[in-house]
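Colleague: kindly return the folded structure for what I paste below:
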Amino acid sequence: MKIALAQINVTVGDFSGNIAKIVEAAQVAHNAGALLMIAPELALSGYPPEDLLLRPAFFTASYAALRELVAQLACFAGLRVLVGHPLCNAPISDVHQTRPVKLSASPLDTFNAASLLVDGKIVGTYLKQELPNTAVFDEKRYFASHSKPLVFELGGVTFSSIICEDAWHPSAALLAKAVGAQVLLILNGSPYHINKEDVRIDILRKRIRETGMSVVYVNLVGAQDELIFDGGSFVLNTQGELVARLPQFVEQIAIVELSSIQRAQHRAIAPRECIEAQVYAALVLGVQDYVNKNGFPGAIIGLSGGVDSALVLAVACDAFGAERVRAIMMPSRYTAGISMLDAAEMTRRVGVRYDEIAINPMFDAFRGSLAVEFDGSSEDTTEENIQARIRGTLLMALSNKSGWIVLTTSNKSEMAVGYCTLYGDMAGGFAVIKDISKTLVYHLCCYRNSATTFSTHDIIPQRILTRPPSAELRVNQTDQDSLPAYEVLDAIIQMYMEEDQSLTDIISAGYSHDDVHQVARLIKINEYKRRQAPIGIRVTHRAFGRDWRYPITSHFSEKS
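Modeller: Model prediction:
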């Protein structure tokens, strides 16, 4: 018996588009002779719908879409399709008979559901038991849980389905085993972070040891705002051996034989990519989906001749082609000539439109207008920030006129300590490398220059990677004038911000008292900036944004 894994890229609220994706996958599965197809968690509505789940109209549309999907799948005789969808305040029998549901905005009346569809009918529905409410998840805000299993027999084998977080706890799998299930089907909307695929497999191997069931794990692929769903769907047999694994960050419909699920045969395992390859692919997918799904015709990038904007330019070109990317160099009196040469050279290599707009006249006009107010004061970061804000204004003016989105270029290291300018280099619509540390930026640039998966290599000039990083807002400026070395800075940020280690523990790990306290202080006082930054792609297990909820107004200071 053949089973199809539908690793598809859906869009929140695009019910007709999502139906088309599911039906297209079902066509592939049916043509291949599959008797069962598994689609991801909330594939019908897109995931996560967030506060759309508080709108009665959203459930009206979802229910209509479910009925339409049932009707369209009826032509694939004998194919059972297990699909995730939201369900609102409806006894299961009502859904099966396709009667209108009673609507309610109360989260206690809504469920994260999966239904089994075959021959124009809904023959069973499962309601998610475990509702994640940590990190980027807040499902208890929207859903109620339920503890009734869904079990069905096909080809002499008993299957049961659960949804995503259910697999991270023993109870749902044990309940399925107790009612006779042999194969556990898991629908997932599991977002990516570095090393997440190892965690998933380790968790599922625990469930296999507890139950003796084999596992079919089907995950979403695609981007939803800052979340990246990497796919990477897989199958584990009853010994916990990897039987099949789909590639990450691409759509794919895979067919596996039931015999190979129960015995490790006919393995189809996509190779595991290095961390740099994974993260780069996540950035490309994140930019591609954000720009395309939101209807932007193209992207504008302020190019500086530095490593951060070089990486963003490379990602954008790989995401949707050089013809939809425009680079703007905005030199000032402090811009080094080699920065302009390197920026122009990179745009030549990737083939994007490149323009230069000098900001000296505007900078002089600002200084002239403020001369009386600033009389008697020496130049400081105020004048540096004026330059950054001029550049932000120019980029946003070009964005307004063209409709193209501005991609910002600040990295996680800068965002952490406030080494960025409100309404300046922070101005834009999407922060591509917001969750990428400066040290990882360099690794990703080196990876992109050497990667054989791209038709054009070595697109980032080597000098960009070897010059000391600088904002070039004053004479002879470098980033390390006011910050610890990036290797030190990034390590402290990781331990303090991502891992919640205490200042005492970080100092005990070998970092200087002054550096640790400086970084912790900068992270605290720059929260107000980060709240005003555009959203960006999440690739670590804790990013600034949904994962990080610290008060702006706070008098607490940690001691060491």
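Colleague: CA only for contacts and neighbour counts going forward, please
Modeller: Fine.
Colleague: so after the helix or strand Val291 falls within, what's the next helix or strand?
Modeller: Val291 belongs to helix 275-293 when assigned by DSSP states H and E. Using DSSP H and E, the helix or strand that follows helix 275-293 in sequence is strand 299-303.
Colleague: neighbouring contacts of that following strand?
Modeller: Defining contact as Cα atoms under 8 Å, 6 or more residues apart in numbering, one finds that strand 299-303 is touched by 291, 309-310, 312-313, 316, 324-330, 343, 391, 395, 399, 404-409.
Colleague: equivalent analysis for stretch 552-560, please.
Modeller: When contacts are defined by Cα under 8 Å, 6+ apart, stretch 552-560 is touched by residues Ser502, Leu503, Thr504, Lys524, Ile525, Glu527, Tyr528.
Colleague: and those, which are buried?
Modeller: Burial by neighbour count, 16 or more other Cα atoms under 10 Å: within the contacts of stretch 552-560 this picks out Leu503, Lys524, Glu527.
Colleague: which helix or which strand is home to the closest residue to the last one other than its chain neighbours?
Modeller: Read that as Glu527. Leaving aside its chain neighbours, Glu527 sits nearest to Ile552 (5.7 Å; criterion: Cα to Cα, 6 or more residues apart in numbering). Using DSSP H and E, Ile552 sits within no helix or strand.
Colleague: Ile552: neighbouring residues, count only.
Modeller: If you count neighbours by other Cα atoms under 10 Å, Ile552 ends up with 14.
Colleague: measure it to Ile525 for me?
Modeller: Per Cα to Cα, to the nearest Å, Ile552 is found 8 Å from Ile525.
Colleague: just Leu283 next, same as before
Modeller: Applying Cα to Cα, the value for Leu283 to Ile525 is 28 Å.
Colleague: likewise Arg389?
Modeller: Plainly put, Arg389 is 21 Å away from Ile525 if you go by Cα to Cα.
Colleague: what does His146 give?
Modeller: 43 Å.
Colleague: try Ala181
Modeller: 54 Å.
Colleague: please apply the same query to Lys412.
Modeller: 15 Å.
Colleague: again with Cys75
Modeller: 60 Å.
Colleague: His443 too?
Modeller: Here His443 is placed at a distance of 29 Å from Ile525 (Cα to Cα).
Colleague: following element in sequence after the worst-scoring helix or strand of the chain on mean pLDDT, please.
Modeller: One helix or strand of the chain scores below all others by mean pLDDT, DSSP states H and E: helix 92-96, with a mean of 43. On the C-terminal side of helix 92-96, the nearest following helix or strand under DSSP H and E is strand 110-118.
Colleague: elements contacting that following strand?
Modeller: The contact analysis (3 or more Cα pairs under 8 Å, 6 or more residues apart in numbering; DSSP states H and E) places strand 110-118 against helix 56-73, strand 80-88, strand 121-127.
Colleague: a markdown table for the ones you listed, including mean pLDDT and mean neighbour count?
Modeller: Output for the helices and strands packed on strand 110-118, formatted as a markdown table (pLDDT from 0 to 100; neighbours: other Cα atoms under 10 Å):
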| stretch | mean pLDDT | mean neighbour count |
| --- | --- | --- |
| helix 56-73 | 94 | 19 |
| strand 80-88 | 96 | 26 |
| strand 121-127 | 94 | 22 |
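Colleague: Ala431: which of these is closest?
Modeller: The closest of the helices and strands packed on strand 110-118 to Ala431 is helix 56-73. By Cα to Cα, the value is 28.9 Å.
Colleague: hmm, back to that, ramachandran angles for the residue nearest to Glu527?
Modeller: Main-chain torsions, Ile552, degrees, to the nearest 10: phi -70, psi -50.
Colleague: any idea how far it is from Leu150?
Modeller: 46 Å.
Colleague: before we move on, what about Glu276?
Modeller: With the distance defined as Cα to Cα, Glu276 ends up 40 Å from Leu150.
Colleague: elements contacting the helix or strand harbouring Ile22?
Modeller: Using DSSP H and E, Ile22 falls within helix 15-31. Contacts defined by 3+ Cα pairs under 8 Å, 6+ apart place helix 15-31 against strand 2-7, strand 34-38, helix 56-73, strand 252-257.
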